[in-house]
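Enquirer: Dropping a prediction and its sequence here:
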Amino acid sequence: MNTLTPSEYLPEKSADTTRFTRNFRAEKFDFWSFFFSGLTGAATWLIVAILATILLNIGINGWSAISWHFVSTIPKKDFFDANTTGVLPMIVGTSIRVIVMTIFVIPVGVITAIYLTEYAANTSLLTRIIRAAVNNLAGVPSIVFGLFGLGFFINFVGKNLDKILHNTDAVWGQPALVWASLTLAVMTLPVVIVATEESLKAIPAGLREASLALGATKLQTILRVVLPQALPGILTGGILAVSRAAGEVAPILFTGVAYYMASLPSHLSDQFMDLGYHVFVLSTQSPNIEQTRPILYATVLVLLILTFALNLVAVLIRSNIRKKMRSMH
Amino acid sequence: MGIHRGHKARPAEWLAEKFIFLVSLSAILMVLLIFLFVAREALPVLFGETNTALVQKPIPPDEVDKHSAAELEAYLEITPDQLARMSKETLRSLMDVKVEAQNDIPEEFRNDPDARINTTEWQYLLKAHQWSGYDKPEHIWQPVGQVKKFNIIPLFVGTLKVTLIGLFFAVPLAVGAAIYVSQLARPRTREILKPVIEMLSGIPSVVVGFFALLVMATVLQSIFHYQTRLNAFVAGIALGFAVIPVIFSIAEDALTSVPRAYTQGALALGASRWQTAWQIVLPAALPGVFAAAVLGFGRAIGETMIVLMVCSASVMSWSIFDSARSITTTIAAEMAEAVSGGPHYRILFLLGALLFAATFLSNMAGDFVIHRFKQKLEGKK
């Protein structure tokens, strides 16, 4: 009976299986394999082409219409006039609402992520409920956030605040910058939590153990060792949240955006103009779409630069972190 | 990845840790608050406390004491809070105004049977009704005018129509791309393609809507030669753009997490790359791909701005080249004109609550499937 010893049937040195599968091609030509590979490839390149078309169309048409005057002018009431209009109040409004949002969402999101990675037992029911809640929050439609902002922040918190402060007119119980920002903060909470968690997990356990071994307490370890290391990841989370929130229109429709305002917002209880909403107004309410087309393209380009550039930065930081993480493990 | 406590905790540290714990509950709190406050505004419709009937049986002001507080609130369309603060005289004069208003209703409405209907009752919200002036019983959403019609079926049909068109377009493309990127493309191509496709999710939906409205609608019309330029078809395709990155990244993730040994085994037995991807990897990753489609569905029914910009007329029709009005669009477009606390306002919140429930369920289902799928793969490794 012929039996093989391991030394006979095992190759002399273990093959690099990764390289083998990557470069492997079946010898026999199979028509259907060729056909379907081509089909899925075509689907992929079609998606890329769609993205490129949108970006190029907006980039080319927007670039020819944009000017310094356009981004630095406060428009008169009739902002459909291509010669005198500008988007300064919209840029300011969008920026302020996003900055105020960051102030609310970053601390809450980061602290939640710290709890989930550093303190929570992964298997406990409570942790699972928190994670489910975060996942769900990420999937709630943006218009429902708008309704929530109206029902909770304005009609409940705002109206009661007015009652407590004895305001005779509605000051807080109406659409305002702060309510729009808070609504967006609730919406972007999962973005910050997930990004921060990812960066906290990327930090090697040895770093924490070394700090504890040197006598630091757990909180000291988190504050002085873990958090500084996780900073790029937290930054990514913040940028992603800002980029997502800057482009959202539905949640602010009932919570603070104004069709037109003669001056810039100066108080948290003011309403504001917004780039995304302005795109909506220009493209659906214009008396003459052919005349508004250039300013519409220019406005969209400004909005895209704001959101897309931020997104790109976040993607770059993130891929950097992932590379670092891979090299550590 | 918890770390073990090195020291006995100090009081300040104990407090800080309790604080961290409390803050971490905020996500749960927010989900609860969203549900509570969206549903709260819709409750009066559920309990039948709203009344839109134009012609009501007037209550003579002298008989105020014979009626309960709840009856008076519904009759005068005021909140319990307002009723409690009202003096006897104001209440009386309000009742007089109401009686006068009833007397002022023109004769033609008085004889119209529709004017006596409370259109916020369930049968009028869901079932077709024979409205005066129409040939046959119909589902109609028409929240303005003398008799406000709040039938929500056309909105459901509109939402489903646009969402299904979007998914029919997005699922094959996104799953095809996921198969290509994760199984067939060379590693270097893959490194470039993945972030590029995911970049699509960085485009704000209002920009996708703008692009669909200005560019795509014209191009598609010149290809397919249909009547109305802005219709459910254009909206659905644009919606697909927004959903593709969602489905792609989840499906790609699922396909990549299939153990490499499966692929190697199939290739070693002489299967081609496509046969391996189609017959080995895809079946193994099927739950994940399915979950991707479900989560894409949740994203699609919640999308507002694209559908709002591209089509918004509420017509009850299953034809894809007709206009359609989705639930999200209705809420966004009509909330501004709805009187706060009125029946229209409450029904819009009811729609929001239904939408929240639908996305909640589809998210839970999607997450559950992915969770099970990952556990199964880990168990097999």
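Expert: It's in.
Enquirer: Show me what the strand or helix carrying B:Arg372 is packed up against.
Expert: Assigned by DSSP states H and E, B:Arg372 belongs to helix B:343-380. Secondary-structure packing of helix B:343-380 (3 or more Cβ pairs under 8 Å, 6 or more residues apart in numbering or on different chains; DSSP states H and E): helix A:125-139, helix A:142-148, helix B:26-46, strand B:149-150, helix B:232-256, helix B:282-302, helix B:327-334. All C-beta atoms are positioned from the backbone trio N, CA, C, and that covers glycine.
Enquirer: make it 10 Å
Expert: Applying 3 or more Cβ pairs under 10 Å, 6 or more residues apart in numbering or on different chains; DSSP states H and E, we find helix B:343-380 packed against helix A:125-139, helix A:142-148, helix B:26-46, strand B:149-150, helix B:153-179, helix B:232-256, helix B:282-302, helix B:327-334.
Enquirer: Least confident of these, on average?
Expert: When those are ranked by mean pLDDT, strand B:149-150 comes last with a mean of 84.
Enquirer: is the one helix or strand A:Thr292 maps to anywhere near chain B?
Expert: A:Thr292 belongs to helix A:289-328 when assigned by DSSP H and E. Yes: using Cβ under 10 Å from any Cβ of the partner chain, we find that helix A:289-328 touches chain B at A:289, A:293, A:296-297, A:299-301, A:303-304, A:306-312, A:314-316, A:318-319.
Enquirer: Could you name the helices and strands sitting against that helix?
Expert: Using 3+ Cβ pairs under 10 Å, 6+ apart: helix A:289-328 touches helix A:31-65, helix A:68-71, helix A:88-114, helix A:177-201, helix A:227-247, helix A:275-284, helix B:187-199, helix B:205-211.
Enquirer: Tabulate the ones you listed (a markdown table), appending distance to B:Val23 and mean neighbour count.
Expert: Below are the helices and strands packed on helix A:289-328 laid out as a markdown table (distance: least, Cβ to Cβ, whole Å; neighbours: other Cβ atoms under 10 Å in any protein chain shown):
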| stretch | distance to B:Val23 | mean neighbour count |
| --- | --- | --- |
| helix A:31-65 | 38 | 16 |
| helix A:68-71 | 39 | 13 |
| helix A:88-114 | 4 | 21 |
| helix A:177-201 | 11 | 25 |
| helix A:227-247 | 15 | 21 |
| helix A:275-284 | 30 | 24 |
| helix B:187-199 | 30 | 15 |
| helix B:205-211 | 30 | 26 |
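Enquirer: what's the pLDDT at the residue of the stretch 151-300 of chain B found nearest chain A?
Expert: Closest contact between the stretch 151-300 of chain B and chain A, by Cβ to the nearest Cβ, is at B:Pro204 (2.5 Å). pLDDT recorded at B:Pro204 is 92.
Enquirer: who's in contact with it?
Expert: A:243-249, A:275-276, A:279, A:300, A:303-304, A:306-308, B:210, B:242, B:305 (Cβ atoms under 10 Å, 6 or more residues apart in numbering or on different chains).
Enquirer: Next, the distance between the ends of stretch B:212-230.
Expert: Terminal residues of stretch B:212-230 lie 9 Å apart, using Cα to Cα, to the nearest Å.
Enquirer: Can you give me the buried ones in it?
Expert: Of all the residues in stretch B:212-230, those buried under the rule 16 or more other Cβ atoms under 10 Å in any protein chain shown are B:212-214, B:216-217, B:220-221, B:228, B:230.
Enquirer: Return the residues in contact with the closest residue to A:Ala113 other than its chain neighbours.
Expert: Counting by Cβ to Cβ, 6 or more residues apart in numbering or on different chains, A:Ala113 lies nearest to A:Thr196, which is 3.6 Å off, once chain neighbours are set aside. A:Thr196 makes contact with A:106, A:109-114, A:116-117, A:227, A:230, A:233-238, according to Cβ under 10 Å, 6+ apart.
Enquirer: how about a cut-off of 6 Å?
Expert: Neighbouring residues of A:Thr196 by Cβ atoms under 6 Å, 6 or more residues apart in numbering or on different chains: A:110, A:113, A:234, A:237.
Enquirer: Mind putting these into TSV with pLDDT?
Expert: Formatted as TSV, these follow (pLDDT from 0 to 100):
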residue	pLDDT
A:Val110	94
A:Ala113	94
A:Ile234	88
A:Gly237	87
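Enquirer: Quick one: name the residues of the stretch 1-150 of chain A near chain B.
Expert: A:21, A:24, A:26, A:30, A:33, A:36-37, A:40-41, A:43-44, A:47-48, A:51, A:54, A:108, A:111-112, A:115, A:117, A:130, A:133-137, A:139, A:141, A:143-144, A:147-148 (Cβ under 6 Å from any Cβ of the partner chain).
Enquirer: So for B:Phe47, which of the helices and strands packed on helix A:289-328 sits nearest?
Expert: Between B:Phe47 and these, the tightest spacing by Cβ to Cβ is seen for helix A:177-201, at 27.3 Å.
Enquirer: Could you point out the helix or strand that follows that closest one?
Expert: helix A:205-213.
Enquirer: touching chain B at all, that following helix?
Expert: Yes: Helix A:205-213 reaches chain B (Cβ under 6 Å from any Cβ) through A:208, A:212.
Enquirer: Can you show me the CA trace of that helix as CSV?
Expert: C-alpha atoms of helix A:205-213 as CSV (Å, rounded to 0.1, in the frame of the first residue of the first chain):
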residue,chain,number,x,y,z
ALA,A,205,-4.0,47.6,23.4
GLY,A,206,-0.3,47.7,24.4
LEU,A,207,-0.3,51.4,24.6
ARG,A,208,-3.2,51.4,27.1
GLU,A,209,-1.5,48.6,29.0
ALA,A,210,1.8,50.4,29.2
SER,A,211,0.1,53.5,30.5
LEU,A,212,-1.8,51.5,33.2
ALA,A,213,1.3,49.6,34.1
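Enquirer: list the helices and strands it packs on?
Expert: Judged by 3 or more Cβ pairs under 6 Å, 6 or more residues apart in numbering or on different chains; DSSP states H and E, helix A:205-213 is in contact with no other helix or strand.
Enquirer: Let me know the secondary structure of A:Glu78.
Expert: Quick fix: residue A:78 is Asp, not Glu. Judged by DSSP: H, G, I helix; E, B strand; the rest coil, the three-state class of A:Asp78 is coil.
Enquirer: quick one, what contacts it?
Expert: Counted by Cβ under 6 Å, 6+ apart, A:Asp78 has zero contacts.
Enquirer: Next, it: phi, psi?
Expert: phi -90, psi 90 (degrees, to the nearest 10).
Enquirer: Repeat that for the one 4 residues further on.
Expert: Dihedral pair for A:Ala82: phi -70, psi -20, per degrees, to the nearest 10.
Enquirer: what's the spacing between B:Glu49 and A:Leu147?
Expert: 19 Å (Cβ to Cβ, to the nearest Å).
Enquirer: More neighbours: which of the two?
Expert: Using other Cβ atoms under 10 Å in any protein chain shown as the criterion, B:Glu49 and A:Leu147 rank with A:Leu147 on top: 31 against 14.
Enquirer: What does the pLDDT read for the residue nearest to the more buried one when sequence neighbours are not counted?
Expert: Of all residues not flanking A:Leu147 in the chain, B:Gly352 sits nearest, at 4.2 Å (Cβ to Cβ, 6+ apart). Note on B:Gly352: pLDDT of 94.
Enquirer: now the one 4 residues further on
Expert: Among the per-residue scores, B:Phe356 holds a pLDDT of 93.
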